[in-house]
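Peer 1: okay, sequence plus prediction incoming.
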Amino acid sequence: MAVFPGWGMMSSRHETHEEELALPADTSRNERLVVAHGGWGRQSWEPIEAALRAVGGELELAEWKDEAGLVAAAKDAVALVQGGPVRYTSAVMDGLPKLRFMAAQGIGVDTIDLPEATERGIVVFNLPGVIHREVAAHAMALLLGLVRHVVPLNQAMKSGQRYRPRGGVHHLYGETLGLVSFGSIPRLVARQAQAFDLRVIAHDPFVPAETMREHSVEPVELDELFRQADFVSVHTPLSPATFHLVKEQQFRQMKPTAYFINTSRGKVVDEPALIRALQEGWIAAAGLDVLEQEPPSPDNPLLKMDNVILTPHFASASDFAGVERRRRLAEELARCVSGYWPKYGLCNPGVQPKSPLMKEDAG
């Protein structure tokens with residue numbers, strides 16, 4: 001019986017039904033080979049390596065900068081952990097004929113062609129519930145940092161200069177926060193914001209209005225959200241439908257005193273429109289953890305604006321989230337290469353008729 005270090009024992013069905021998983025035959029490489037981008041460093045991958053070894057799997061770390069490098073590194077992989085500056089397209093999948101599973105290291109799967117993966121019977125899963133507290137806290141940190149002028153005050157204090165906030169210091173209590181999307185992360189943001197006596201409104205076409213009201217959040221249409229809000233925080237995932245969801249039309253509807261926060265994906269926002277909104281005073285300030293191009297070009301105007309706080313796609317980071325991310329990834333990869341569906345976060349449920357993976361372990 002396979003044992004995951006520190007996480008208890010798996011059902012003996014992992015041993016008795018392994019033959020039901022139709023993995024490709026390969027006499028030269030482990031038929032349970034998992035390839036991952038090694039950006040975390042070798043030591044960080046040790047729990048995942050141990051969990052795979054316990055079920056007869058193998059982990060191989062590699063690094064790639066383009067699609068050709070990815071295909072060369074992962075050509076024998078049954079499972080692939082998303083990473084590196086690459087989009088996982090049909091062309092990439094053509095070069096990975098043994099691929100049966102793809103794992104995200106967090107929530108976002110916007111770099112993966114999900115319809116193509118589904119058509120090929122490739123199971124894609126992410127890690128929901130691992131980083132939501134961190135991202136929510138980061139969104140609030142950006143909002144509070146802007147409202148209280150934390151960055152320029154710090155810089156002025158250390159340089160011995162006096163700082164005079166342009167337009168004064170905006171108050172927080174009693175103002176309106178607008179949340180674009182209302183999944184697990186913005187629900188936490190709403191709760192935190194309400195502790196600061198903020199009124200919270202939200203727009204999400206996939207969440208019932210009654211669910212929002214249960215969280216003391218008022219549902220509104222998207223344009224109305226941008227008109228009412230003193231602070232807008234974006235949390236929608238990136239998809240073809242949400243690409244440049246926030247554009248010039250929305251920025252022109254905002255109050256000139258309003259602040260804009262984005263901790264979701266850079267391409268959800270039309271960045272040139274945001275830059276113009278900041279330069280021309282349509283809005284007062286922005287706090288951004290994500291940009292359309294990461295890392296940004298050195299000549300990106302956002303880098304030189306004193307009314308913008310930038311962080312380098314860092315919102316999900318914490319000691320706890322790092323450990324939990326690796327624990328969950330190890331558990332899910334070991335389940336999949338052993339012939340079982342991931343327990344959480346299946347991103348393409350349409351793949352189920354195309355895959356021989358089994359259901360949950362029997363009691």
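Peer 2: Sure, I can see it.
Peer 1: could you list the domains of this structure?
Peer 2: The chain breaks down into these domains under automatic domain parsing: 13-129+318-354, 132-310.
Peer 1: I'd say Ala202 and Glu224 touch.
Peer 2: No: shown here, Ala202 and Glu224 do not form a contact pair, counting by Cβ atoms under 8 Å, at 11.0 Å. Quick note: C-beta positions are derived from backbone N, CA and C, even for glycine.
Peer 1: so between these two, which is more surrounded?
Peer 2: Set side by side, Ala202 and Glu224 give different neighbour counts by other Cβ atoms under 10 Å, the larger being at Ala202 (27 against 15).
Peer 1: what's the closest non-adjacent residue to that one?
Peer 2: Setting aside the residues directly before and after it, Ala202 is nearest to Leu179 in space (Cβ to Cβ, 6 or more residues apart in numbering), at 4.1 Å.
Peer 1: element containing the one you found?
Peer 2: Taking DSSP states H and E as the definition, Leu179 sits inside strand 176-180.
Peer 1: got the angle between whichever helix or strand comes after that strand and strand 176-180?
Peer 2: On the C-terminal side of strand 176-180, the closest following helix or strand by DSSP H and E is helix 184-195. With axes from the mean of the first three to the mean of the last three Cα atoms, to 10 degrees defining the directions, helix 184-195 sits at 180 degrees from strand 176-180.
Peer 1: what ranges does this structure have for its helices?
Peer 2: When assigned using DSSP state H, the helices of the chain occupy the ranges 13-16, 46-54, 67-74, 90-94, 114-119, 132-147, 150-159, 184-195, 209-214, 222-228, 248-253, 271-279, 319-337.
Peer 1: state the mean pLDDT of the longest one.
Peer 2: The average of the pLDDT scores along helix 319-337 is 90.
Peer 1: gap between that helix and the chain center?
Peer 2: Relative to its parent chain, helix 319-337 has a centroid offset of 15 Å by Cα atoms, centre = their mean, to the nearest Å.
Peer 1: which helices and strands does it pack with?
Peer 2: Other helices and strands packing on helix 319-337, by 3 or more Cβ pairs under 8 Å, 6 or more residues apart in numbering; DSSP states H and E, are helix 46-54, strand 79-81, strand 101-103, strand 123-125.
Peer 1: now for the second one, which elements pack on it?
Peer 2: On a contact count with 3+ Cβ pairs under 8 Å, 6+ apart, strand 79-81 meets strand 33-37, strand 101-103, helix 319-337.
Peer 1: give me the residues contacting that strand.
Peer 2: Applying Cβ atoms under 8 Å, 6 or more residues apart in numbering, the contact partners of strand 79-81 are 32-37, 74, 88, 96, 99-103, 105, 329, 333, 336-337.
Peer 1: tell me who's in contact with Ala104.
Peer 2: Gln82, Ile112, Val124, Phe125, Asn126, Leu127, Gly345, Cys347.
Peer 1: what about the third one, how many neighbours?
Peer 2: When you say that, I think you mean Val124. Counted with other Cβ under 10 Å, the neighbours of Val124 add up to 23.
Peer 1: hang on, the earlier thing: export the helices of the chain to JSON lines and append columns for distance to Leu288.
Peer 2: As requested, those are arranged in JSON lines below (distance: least, Cβ to Cβ, whole Å):
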{"stretch": "helix 13-16", "distance to Leu288": "44"}
{"stretch": "helix 46-54", "distance to Leu288": "31"}
{"stretch": "helix 67-74", "distance to Leu288": "28"}
{"stretch": "helix 90-94", "distance to Leu288": "29"}
{"stretch": "helix 114-119", "distance to Leu288": "26"}
{"stretch": "helix 132-147", "distance to Leu288": "8"}
{"stretch": "helix 150-159", "distance to Leu288": "13"}
{"stretch": "helix 184-195", "distance to Leu288": "16"}
{"stretch": "helix 209-214", "distance to Leu288": "25"}
{"stretch": "helix 222-228", "distance to Leu288": "17"}
{"stretch": "helix 248-253", "distance to Leu288": "14"}
{"stretch": "helix 271-279", "distance to Leu288": "8"}
{"stretch": "helix 319-337", "distance to Leu288": "20"}
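Peer 1: right, and the ones you listed - which one's nearest His170?
Peer 2: Comparing those against His170 with Cβ to Cβ, the closest turns out to be helix 132-147 (5.5 Å).
Peer 1: can you list contacts of that closest one?
Peer 2: Counting by Cβ under 8 Å, 6+ apart, helix 132-147 makes contact with 150-151, 169-172, 177, 184-186, 188-189, 192-193, 231, 233, 235, 259, 261, 263, 285-289, 307, 309, 311, 314-318, 321, all of which sit outside it.
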